[in-house]
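Visitor: sequence first, predicted model second:
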Amino acid sequence: MNTEFNRILKEKHTVFVTRKVHFSAAHRLFNPEFSDAENELIYDRCNNIYGHGHNYELEVTLKGPVDKATGYVFDLKKLDKILSEEILSKVDHKHLNFDVEMLKDMIPSAEVLSIVFWNAIQNRLSELGYTQVALYEVKLFESERNFVRYRGD
Ligand SMILES: Nc1nc2c(c(=O)[nH]1)N=C([C@H](O)[C@H](O)COP(=O)(O)OP(=O)(O)OP(=O)(O)O)CN2
Ligand SMILES: [Zn+2]
């Protein structure tokens, strides 16, 4: 192997790897404990009774050392499979207030989605025994201009 490559592999690095996926879903922002007037005041047009849609973009970042044999922190194809099974199969083309068990009785704001998605991904990584990497960040774009980041705190 190249001597520079050998030198790099001897050092300890932490690298962040990200997979970006997208899904489309409808939601309505409202809190059943608020009056209609309060919901209208707080959520405005996002409180529209039949909901409205977003083309969400989800970026999930893992961090860890570079494996000396593969040159990978984590195979992004495997991360894509986890995201497809744990998130996309459940939320894509769904109404988040009605169709999604993991969001049942929650307010489907971007903040709440980011935490629920984090928990689902973290559980799957633990079940699969991937201890060499850590989930670092879930970044969810609700629109081009609105996005949230959650880092597990
Ligand atoms: N803190 C949060 N604020 C808002 C959230 C949220 O999840 N967390 N969500 C919304 C609504 O979902 C709403 O649909 C977003 O629409 P809007 O602000 O209109 O966003 P756009 O970028 O699509 O449109 P602009 O016309 O460019 O503003 C609201 N707030
Ligand atoms: Zn919305």
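Guide: Received, thanks. Ligands and ions are numbered 1, 2, ... in the order given.

Visitor: who touches the helix or strand containing Lys81?
Guide: Per DSSP states H and E, Lys81 falls inside helix 76-83. Residues outside helix 76-83 that contact it (C-beta atoms under 8 Å, 6 or more residues apart in numbering) are 17, 19, 21, 58, 60, 62, 121, 124-125, 128. Bear in mind the C-beta positions are built from the backbone N, C-alpha and C, glycine included.

Visitor: so which pair among those is furthest apart in space?
Guide: Using C-beta to C-beta, those reach their maximum pairwise distance at Leu58 and Leu128, which is 19.3 Å.

Visitor: tell me which of those two has more neighbours.
Guide: The residue with more neighbours, out of Leu58 and Leu128, is Leu58; 22 against 10, by other C-beta atoms under 10 Å.

Visitor: residues contacting His22?
Guide: 55-58.

Visitor: take those and keep only those in strands.
Guide: Among those, the residues falling in strands (DSSP state E) are 55-58.

Visitor: what mean pLDDT does the lengthiest helix in the chain get?
Guide: As assigned by DSSP state H, the longest helix anywhere in the chain is helix 110-127. For helix 110-127, mean pLDDT rounds to 98.

Visitor: do any residues in the helix or strand following it lie close to ligand 1?
Guide: Later in the chain than helix 110-127, the nearest helix or strand by DSSP H and E is strand 134-141. No. Remark: strand 134-141 sits outside contact range of ligand 1, by C-beta under 6 Å from any ligand atom, the gap being at least 8.7 Å.
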